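**Q** Have a look at this fold, sequence not included:
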């Protein structure tokens, strides 16, 4: 990759949960720790629509629902939340509630989120609202009432611990950790079992990952797994469902 505007950004050394970032092409964050970008280099917003929303049957599944809960592994820049919120506002029923819960070990700082999301004018309103509500030192449970029908909760800490303590009321999951080859702990049998246990019958997941061990871990946990064409020429992605019985 050609870095037209390379910059190394060291995050706050006083924050043990911060991570050092590189910035590629001006505003694309790259994790030094995991050696991976935070989203698809082609277009992360469109990837969200293909992989995580459509992969979970959304927005169609919102029809007629008064409550819907999405879980996400890896909040990162908040891109998936912002695009989901944008679409939720277009399709939600009056009075319906969306609770978007994300599990993130290394929460980004406000200015980093702002910089990473600024490339998408389509989510400008959502970006500004998220950045305006984001705390100076994100830790514990960050709870943001995005609007009267949308709540965001970011659980800061190890994903397995956070998921294991969550309620068993999730309708859909966005499995968006760093690549399995670079962060295998986020795709372990234990975390997939925890996710399955907190998913409602008929609940679903979508992920860009298609590695064999990821598919096997999801199947072993109890999901029925389907391969689909991936985004932007990627051969495969995975989605699946927790059987109702």
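**A** The structure has been received and is ready for your questions. Please read all numbers here as calculations on a predicted model, not as lab measurements.

**Q** Would you confirm that residue 78 contacts residue 128?
**A** No - assessed by Cβ atoms under 8 Å, residue 78 is found out of contact with residue 128, at 11.7 Å. C-betas here are computed from N, CA, C, even on glycine.

**Q** Those two - which one has more neighbours?
**A** Taking neighbours as other Cβ atoms under 10 Å, residue 78 and residue 128 compare with residue 78 leading, 29 against 14.

**Q** how close does the more buried one sit to residue 181?
**A** Using Cβ to Cβ, to the nearest Å, we find residue 78 at a distance of 24 Å from residue 181.

**Q** could you list every residue that touches the closest residue to residue 138 other than its chain neighbours?
**A** Distance criterion Cβ to Cβ, 6 or more residues apart in numbering; nearest residue to residue 138, sequence neighbours excluded, is residue 107 at 3.9 Å. For residue 107, the contact set (Cβ atoms under 8 Å, 6 or more residues apart in numbering) comprises 17, 75, 138-139, 142, 154, 156.

**Q** Could you identify which of those has the most neighbours?
**A** These, ranked by neighbours (other Cβ under 10 Å): first place residue 75, 29 neighbours.

**Q** ok, now which ones touch that residue?
**A** Taking Cβ under 8 Å, 6+ apart, we find residue 75 in contact with 81, 102-104, 107, 154.

**Q** Mind giving me the packing neighbours of the longest helix belonging to the chain?
**A** For the chain, the helix that runs over the most residues, judged by DSSP state H, is helix 79-91. Counting contacts by 3 or more Cβ pairs under 8 Å, 6 or more residues apart in numbering; DSSP states H and E, helix 79-91 packs against helix 44-47, strand 67-73, strand 97-104, helix 110-117, helix 124-133, strand 150-156.

**Q** Where among the ones you listed is average confidence lowest?
**A** Comparing mean pLDDT across those, the lowest value falls on helix 44-47: a mean of 84.

**Q** Okay, buried residues for it please.
**A** Residues 44-45, 47 are the ones in helix 44-47 that count as buried (16 or more other Cβ atoms under 10 Å).

**Q** Pick out whichever of the contacts of residue 75 sits closest to residue 93.
**A** Ranked by distance to residue 93 (Cβ to Cβ), these are led by residue 81 at 20.0 Å.

**Q** who touches whatever helix or strand residue 240 lives in?
**A** Using DSSP states H and E, residue 240 sits in strand 237-241. The contact list for strand 237-241 (Cβ under 8 Å, 6+ apart) reads 50-51, 55-56, 202-210, 214-215, 218, 223-231.

**Q** give me that answer again for 6 Å
**A** 51, 55, 204-208, 210, 215, 223-226, 228, 230 (Cβ atoms under 6 Å, 6 or more residues apart in numbering).

**Q** And those, which is closest to residue 98?
**A** Closest to residue 98, out of all of the contacts of strand 237-241 and judged by Cβ to Cβ, is residue 204, at 15.3 Å.

**Q** now that closest one: how far from residue 244?
**A** Taken as Cβ to Cβ, the span from residue 204 to residue 244 is 12 Å.

**Q** same check, this time on residue 66
**A** On the measure of Cβ to Cβ, residue 66 and residue 244 end up 19 Å apart.

**Q** cool, and residue 193?
**A** Taking Cβ to Cβ, one finds residue 193 at 19 Å from residue 244.

**Q** before we move on, what about residue 68?
**A** Taking Cβ to Cβ, one finds residue 68 at 17 Å from residue 244.

**Q** So which of the two has more stuff around it?
**A** When residue 68 and residue 244 are compared for neighbours, residue 68 comes out ahead with 18 against 8, by other Cβ under 10 Å.

**Q** need the contact list for that one.
**A** Here residue 68 is in contact with 98, 171 (Cβ under 6 Å, 6+ apart).
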